[in-house]
Structure formats: structure tokens, C-alpha cells
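Undergrad: Pasting a predicted model and its sequence here:
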Amino acid sequence: MTTTAHLTDLLRALDLTGVFANAVLGGVIARAERFDLVGFVGLAILPGLGGGLIRDTLLQHGTPIALTDYTYLLTAVGGAALVFVLRVEGKLWDRLFPLLDALALGCWAAAGAQKTLALGLGWLPAVLLGVITAVGGGFVRDIVIRRAPRIFGGNTLYATCALVAGGVMAGLERAGHPMAGSISATFVGAALVLLARHRGWQLPTSPGWRPALRRRPPDEP
């Protein structure tokens, strides 16, 4: 197999792992919200496939892959079915999910940036679409269940990690190392997510500063 074929297979495997992990998370949220089977499937598809659908729509280069490769949709539905039948919780889940979620973010940031670069666009749109691929599905899911998207604050670094991962992918792709870029970007993004959670890293919020109006002394003309 050629290097390109190996790269394609690697990205697809990582992509599907991310789809499954986030579909399972969507199912966990659906259970907490006491949704029915339709709700489980909906909250599995949105975070599992949403980012890629948004990316492919913006790129306008053919039908989104989630609609042409049935494996993606079946993987998302499979994740929902698993959580619908089995209660996914406990210490094993608490340890496993953060790892899968971090790998999914790194993978999607790398895949989004790599696909954008492959279509001839520059590094800036590549990084941007890497971030959209990584966080777009979760963003839509949060809006659907009527809560402020988590990437807007109140949690540890997430979208920032996708931004860094996309930058790594773009830099190594430009240097002529696409395979190394995909692997490095995936693990850099994942490592940053896990490290941010462990260290509690967050972006600063607005300090509430406002300009003060100078008051004139009573005797000042």
C-alpha cells in the first residue's frame, strides 16, 4: 500500500473511533435527560457526525462523507443502541471516556485540517475547519438540549486544543510530512485536552472592567 492509502486508512479508523465515542456520550446525555429511542439516536448522530457534516458542507466538494459512507451513520447509531440497552457508567467509563474524547478531538482536528489542505486551501482555513470538525457536533448538541455550548467557557481547554492540533497538521503538511502530521496532530490535541483536565487549565474570562468617568471637583470650572 502507498503512503497515501495508509494515511487514508489511519484517518478513517481514528475518525470512526471519534464518531463512536461521541455517539456514546450523546447517549449518556439522552439517558440523563430521559429521552426515548429517537432522542438517543438524535443525540448520538449530532455530536458524532455534526462536525464533519458542517466541514464538508463548507468545503462544497461533493456530498458529505457521513452521507456516502454508511459506516459513519451505522457507527453513530451503534453507539446510541449500546447506551440505550446498557447503562454506561462507573469507574471504567469515568476513566475511559476522557481518553476517547481527547483522541476524538485530536483526530477530528487533524482530519478537518488535512482534508482542507488536500483541496488546495491555505493553512488558516485548514486550522479553522479543523476546529469546526472537532467541536461542531458538540456545539449543535448543546444547542439542541438548550444549554450554552461548553466550548464557550466554564470548562477546561477544548477548542483551544483543537486549534493547536490543526496548526500542527498544517505545519507538518506544508513541510511535506502528511502522515507524521496526522499522527502528531491527533496526539498533540489529545494530550493537551487530557493535560488541561488534569491541571484545570481554562481560558481567562472577562474581568468585568469598564472605563470609569472622571468626576470633576466641585470647584473645577
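TA: It's in.
Undergrad: Please count neighbours and contacts with C-alpha atoms only from this point.
TA: OK.
Undergrad: so which helix or strand takes in residue 147?
TA: Under DSSP states H and E, no helix or strand contains residue 147.
Undergrad: Burial check on it, number of neighbours?
TA: 10 (other Cα atoms under 10 Å).
Undergrad: Now do the longest helix seen in the chain, average pLDDT.
TA: When the chain is parsed with DSSP state H, its longest helix is helix 3-32. The average pLDDT for helix 3-32 rounds to 79.
Undergrad: name the helices or strands packed onto it?
TA: Packing contacts for helix 3-32, counted by 3 or more Cα pairs under 8 Å, 6 or more residues apart in numbering; DSSP states H and E, involve helix 37-59, helix 70-85, helix 91-118, helix 178-199.
Undergrad: switch to 6 Å and redo it
TA: Contacts defined by 3 or more Cα pairs under 6 Å, 6 or more residues apart in numbering; DSSP states H and E place helix 3-32 against helix 37-59, helix 70-85, helix 91-118.
Undergrad: Can you pull out the low-pLDDT segments for this structure?
TA: By pLDDT under 70, the weakly predicted segments of the chain are 1-7, 10, 207-221.
Undergrad: could you list every residue that touches the most centrally placed residue in the chain?
TA: In the chain, the centroid-proximal residue (Cα atoms, centre = their mean) is residue 134; its distance is 2.3 Å. By Cα atoms under 6 Å, 6 or more residues apart in numbering, the contact list for residue 134 reads 105, 108, 109.
Undergrad: Looking at those residues, state which has the most neighbours.
TA: Once you tally neighbours by other Cα under 10 Å, residue 109 ends up highest among those, having 37 neighbours.
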